[in-house]
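Participant: Have a look at this prediction, sequence included:
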There are 4 protein chains.
Amino acid sequence: MQQEHRPLGRPRQDHKEKPTKNVILDVATRLFLEQGYQVVSMDDVAKKCGVTKATVYYYYKTKADLFTDAMVQMMIRIRKRIFDILSADKPLKDRLLEFAKAHLQATVDIDLKGFMKEAKTSLSKDQLQQMKEAEDKMYEVLEQALINAMEKGDIPQGHPKLGAHAFVSLLTVGNYKDSDQKPIFPSIDEMTEQIVDFYWNGLAK
Amino acid sequence: MQQEHRPLGRPRQDHKEKPTKNVILDVATRLFLEQGYQVVSMDDVAKKCGVTKATVYYYYKTKADLFTDAMVQMMIRIRKRIFDILSADKPLKDRLLEFAKAHLQATVDIDLKGFMKEAKTSLSKDQLQQMKEAEDKMYEVLEQALINAMEKGDIPQGHPKLGAHAFVSLLTVGNYKDSDQKPIFPSIDEMTEQIVDFYWNGLAK
Amino acid sequence: MQQEHRPLGRPRQDHKEKPTKNVILDVATRLFLEQGYQVVSMDDVAKKCGVTKATVYYYYKTKADLFTDAMVQMMIRIRKRIFDILSADKPLKDRLLEFAKAHLQATVDIDLKGFMKEAKTSLSKDQLQQMKEAEDKMYEVLEQALINAMEKGDIPQGHPKLGAHAFVSLLTVGNYKDSDQKPIFPSIDEMTEQIVDFYWNGLAK
Amino acid sequence: MQQEHRPLGRPRQDHKEKPTKNVILDVATRLFLEQGYQVVSMDDVAKKCGVTKATVYYYYKTKADLFTDAMVQMMIRIRKRIFDILSADKPLKDRLLEFAKAHLQATVDIDLKGFMKEAKTSLSKDQLQQMKEAEDKMYEVLEQALINAMEKGDIPQGHPKLGAHAFVSLLTVGNYKDSDQKPIFPSIDEMTEQIVDFYWNGLAK
DNA sequence: TATGAATGAGCGTTCATTCAT
DNA sequence: GATGAATGAACGCTCATTCAT
């Protein structure tokens, strides 16, 4: 709340841990992921940030804007992480295992498809487009890794786009809990391995 | 609003119209599937049925009740259809192909996972339980078919629950559209075949 | 408004002094006239009616709808009153005097022009059109009276539309109060007479 | 944002730009005239001026202050123009014609009455008083011209205050557009002449 | 069986205003 | 002088729900 040294110049508001806009974006991202677009109100976001609704509107013109920004930024971050994991100098299957593990460890499961449908009626054409593009780019990273593996002969030629989407969709199996709240596999490690195995070998061995 | 002739002793419904309750359930099912739980209002349902909101409330105590009933009944119907398809006397792969095709031809894609998350905050524990159980039973039909195939030696021993969920999750790939609104495969037939092939053989052949 | 005998059947809600919709329309009309479109909130209307905002919305889909209906109904009523006054079998000047007196005695002065401008940004094209048409019809009644008088030779030929608008605009002079809140004339009677005289004779006698 | 050369001692404003306060007042005047008090927001004014809302508040403590100042200054300017026109050495009717033409040519029609009512609830007593006084002074100029004409015998003795208000109110007829958006007269010239004629001669010749 | 009327609570959004810088 | 950040209060509107009829 007060500067000790170098008091002259344009220190703006230093000391501040994190700019408010970022706080809002982070909180919003978490809430939207956990509860979905419609259920989360701007007041919910504001309260969790310790600011008023009007402050949220100071940074984001509409709820749809906030949502779009939150989702797109998140997808960009995820894409980077996927890229890092898949760029490692290891056999493809090992990289996929790592990818799967990282994804399945995440506390919230990211149901992009569900978000897309929920928000379809509320977002502008442009906002939907932005989200779609960010989503596409996420898949492209995985697709490219598959293409590379095919070229190097590590896996047989095939439809890389199908391969990419198949992998991600298989991962969602990990989030399933039955009516007794029991997941399909007891531990994340076993789940990871079995899912990647299934992806690799298919049903018929 | 009143019958002029033949006024004595007959079923209430004029000429075999569907009973109101069924109309409401059908309309609600369609609306919920198309737009999601939160977006659909009780008024929307009522108007599409040509009745008033109060009438909807006469048959369903709350929106959550209506939603739960709609989803559970739908899952029961789907389960029957899956059962019929999988009971045929054909090789497993052919039956899976038929299952896949039936699913991918459906106009609305049934994003159960999305519905679950969206409704999580609005449904009672009991209602969530009902939905979960209906969902479980759907998977069990497929699971059982896989178990039978394993016992008969048509496919290698494996984790049938994983197999069941993997199949359904792979089917969702068929609904993907990229940012140019293009699906991964040009025709449903090709999509069906490629997805089932991938399920059968895995990535590494 | 109430049936004394034949108590069986569907007595609805009897006893009710005035249907809620009418109460809302009347209160809204008064408030809009007194304070203008923007200043009056739907909550203001509701509270003055002793109902909730939601009730107002039950009867009127939007504020603009309520406003338009209020203004149009009012103009229709005024038009009828003008018509009655101007239909009397008296010399034109006497009828104009009566018209002027009725107008100047009204507690609220009806600044249609101001309403039009204020609401221009908020009303739909169709709503503006409705208001304009109701306004036009009000003037037409007066215009027709002037046309008749010209045909009978009671006043010289002239531009009847100008005559009609001139008369109404002259009446607004009666509502003027200077910075000491003093009107131009001490009594309504004198005001009426002087204004009509001026209208009749002009400035130069 | 900063001057590179000749950085020493000069008037702040770069090349004689209009001082910010004047820009704000001018812009505000135009916006208020065009759209009314309630509809125009402080942000609207700020944006049109290329400054921030806070800057507007730096010069005007409240919106009501800005409005009052804008209106009063405008009325002072108008009063001067009226005074100039009416001071010419011409017959009264010619001067009135010129006055009318100037008024009717103005793109925005100045509905003082409407502004008064719209702002009534928002302005302080003192601010209303200021506006009233400025308005009174406008009328006084015209009133005085009529008094002079009466003294010189150009027009018969009469109520000069009524004459002044009658003239201004008659001018508003020129702004009327019917439901087909057609004004009463096809050209401003004809309108001017007919209105002044009516003012001069009255309805009955 | 079905409805018209009414409501409480909440939501997305706007806006005049303040204040530290 | 001028601004960026923040807010409190309201506003128009929606919606699930209730209840007397």
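Facilitator: Received the coordinates, thanks.

Participant: From now on I want contacts and neighbour counts done on CA atoms only, so please keep to that.
Facilitator: Fine.

Participant: Tell me which helix or strand in chain A has the weakest average pLDDT.
Facilitator: When each helix and strand of chain A is scored by mean pLDDT, DSSP states H and E, helix A:112-120 comes last, with a mean of 85.

Participant: Can you mark which positions in that helix are buried?
Facilitator: The neighbour-count criterion (16 or more other C-alpha atoms under 10 Å in any protein chain shown) identifies A:112, A:114-116, A:118-119 as the buried residues of helix A:112-120.

Participant: what does stretch A:39-57 give?
Facilitator: Using 16+ other C-alpha under 10 Å as the test for burial, stretch A:39-57 gives A:39-40, A:42, A:44-46, A:49, A:52-53, A:56.

Participant: restrict these to those near DNA strand F?
Facilitator: Among the buried residues of stretch A:39-57, the ones lying near DNA strand F by C-alpha under 7 Å from any atom of the strand are A:52-53.

Participant: Specify the residue ranges that define each domain of chain A.
Facilitator: Following the assignment in automatic domain parsing, chain A carries domains at A:1-60, A:78-201.

Participant: Identify whichever of the ones you listed lies nearest to residue C:94.
Facilitator: domain A:1-60 (60.4 Å; C-alpha to C-alpha).

Participant: Quickly check: that closest one near chain B or not.
Facilitator: Yes - Domain A:1-60 comes into contact with chain B (C-alpha under 8 Å from any C-alpha of the partner chain), by way of A:35-36, A:38-39.

Participant: touching chain B at all, stretch A:82-100?
Facilitator: No - using C-alpha under 8 Å from any C-alpha, stretch A:82-100 stays clear of chain B, with a minimum separation of 9.9 Å.

Participant: Other residues contacting that stretch?
Facilitator: Residues outside stretch A:82-100 that contact it (C-alpha atoms under 8 Å, 6 or more residues apart in numbering or on different chains) are A:138, A:141-142, A:145, A:149, A:154, A:171, A:192-193, A:196, A:200.

Participant: what do you get for stretch A:68-75?
Facilitator: A:25-26, A:28-29, A:127-128, A:130-131, A:134-135, A:138.

Participant: What is the nearest of those to residue A:108?
Facilitator: Distances from residue A:108 to the contacts of stretch A:68-75, taken by C-alpha to C-alpha, are shortest for residue A:29, at 10.8 Å.

Participant: how close does that closest one sit to residue A:169?
Facilitator: Taking C-alpha to C-alpha, to the nearest Å as the measure, residue A:29 falls 22 Å from residue A:169.

Participant: cool, residue A:78 as well?
Facilitator: Residue A:78 is 16 Å from residue A:169, by C-alpha to C-alpha.

Participant: of the two, who's got more company?
Facilitator: Taking other C-alpha atoms under 10 Å in any protein chain shown, residue A:78 and residue A:169 do not tie; residue A:169 has more neighbours (20 against 15).

Participant: picking that back up, in PyMOL, select just the buried ones from the contacts of stretch A:68-75.
Facilitator: Buried residues among the contacts of stretch A:68-75 (16+ other C-alpha under 10 Å), as a PyMOL selection:
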select buried, chain A and resi 25+26+28+29+127+128+130+131+134+135+138
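
Participant: Contacting chain D as well, which ones from the contacts of stretch A:68-75?
Facilitator: Okay, of the contacts of stretch A:68-75, nothing touches chain D (C-alpha under 8 Å from any C-alpha).

Participant: Filter the contacts of stretch A:68-75 down to just the ones in helices.
Facilitator: Mapping the contacts of stretch A:68-75 onto helices (DSSP state H) picks out A:25-26, A:28-29, A:127-128, A:130-131, A:134-135, A:138.

Participant: Nearest to chain C, out of those: which one, please.
Facilitator: residue A:127 (27.3 Å; C-alpha to the nearest C-alpha).

Participant: which of the residues in the helix or strand containing residue A:72 are buried?
Facilitator: Applying DSSP states H and E as the criterion places residue A:72 in helix A:63-86. For helix A:63-86, burial by neighbour count (16+ other C-alpha under 10 Å) applies to A:63-75, A:79, A:82-83, A:85-86.

Participant: now stretch A:101-113
Facilitator: A:101, A:103-104, A:110-112.

Participant: quick one: which of these is nearest to residue B:161?
Facilitator: Distance to residue B:161, by C-alpha to C-alpha, is smallest for residue A:104 among these, at 17.9 Å.

Participant: Kindly provide the distance from the closest one to residue C:180.
Facilitator: For residue A:104, the distance to residue C:180 (C-alpha to C-alpha) stands at 79 Å.

Participant: residue in chain A nearest to chain B?
Facilitator: Closest approach of chain A to chain B (C-alpha to the nearest C-alpha) occurs at residue A:202, with a separation of 3.5 Å.

Participant: Need phi/psi at the nearest residue to that residue once chain neighbours are set aside.
Facilitator: Spatial nearest neighbour of residue A:202, excluding adjacent residues (C-alpha to C-alpha, 6 or more residues apart in numbering or on different chains): residue B:202 at 3.5 Å. When read as degrees, to the nearest 10, the backbone of residue B:202 gives phi 80, psi -180.

Participant: rewinding a little: for the contacts of stretch A:68-75, which one is nearest residue D:159?
Facilitator: Among these, and counting by C-alpha to C-alpha, the member closest to residue D:159 is residue A:127, at 66.6 Å.

Participant: For that closest one, which non-adjacent residue is closest in space?
Facilitator: Spatial nearest neighbour of residue A:127, chain neighbours left out: residue A:68 (6.2 Å); criterion: C-alpha to C-alpha, 6+ apart.

Participant: so what's residue A:117 up against?
Facilitator: Each residue near residue A:117 by C-alpha under 8 Å, 6+ apart is listed here: B:35-36.

Participant: In chain A, what residue spans correspond to helices?
Facilitator: All helices of chain A, identified by DSSP H, fall at A:20-35, A:42-49, A:53-59, A:63-86, A:92-105, A:112-120, A:125-151, A:160-172, A:188-201.

Participant: Against which helices or strands is the first one packed?
Facilitator: Identification of packing neighbours for helix A:20-35 by 3 or more C-alpha pairs under 8 Å, 6 or more residues apart in numbering or on different chains; DSSP states H and E yields helix A:42-49, helix A:63-86.

Participant: can you give me the offset of the shortest one from its chain's centre?
Facilitator: Its chain's C-alpha centre and that of helix A:42-49 lie 21 Å apart, by C-alpha atoms, centre = their mean, to the nearest Å.

Participant: Give me the angle between it and helix A:63-86.
Facilitator: Helix A:42-49 runs at 60 degrees relative to helix A:63-86, counting by axes from the mean of the first three to the mean of the last three C-alpha atoms, to 10 degrees.

Participant: returning to that earlier point: farthest pair in the residues of domain A:1-60 next to chain B?
Facilitator: Greatest spatial distance in the residues of domain A:1-60 next to chain B: A:35 and A:38, 8.2 Å, computed using C-alpha to C-alpha.

Participant: Once you drop chain neighbours, what's closest to residue A:139?
Facilitator: Nearest non-adjacent residue to residue A:139, counting by C-alpha to C-alpha, 6+ apart: residue A:164, 6.3 Å away.

Participant: what's the burial count for that neighbour?
Facilitator: 21.

Participant: Am I right that it is in contact with residue A:138?
Facilitator: No - taking contacts as C-alpha atoms under 8 Å, residue A:164 lies outside contact range of residue A:138: 9.7 Å.

Participant: Was I right to think residue A:101 contacts residue A:189?
Facilitator: Yes - using C-alpha under 8 Å, residue A:101 is in contact with residue A:189, at 7.3 Å.

Participant: Just checking the helix holding residue A:72 against DNA strand F, any contact.
Facilitator: No - remark: helix A:63-86 sits outside contact range of DNA strand F, by C-alpha under 7 Å from any atom of the strand, the gap being at least 12.9 Å.

Participant: Run the angle between that helix and helix A:112-120 for me.
Facilitator: Going by the same axes, to 10 degrees, helix A:63-86 makes 160 degrees with helix A:112-120.

Participant: distance of residue A:51 from chain C?
Facilitator: According to C-alpha to the nearest C-alpha, to the nearest Å, residue A:51 stands 27 Å off from chain C.

Participant: Which phi and psi values does that residue adopt?
Facilitator: Dihedral angles for residue A:51 - degrees, to the nearest 10 - are phi -130, psi 180.
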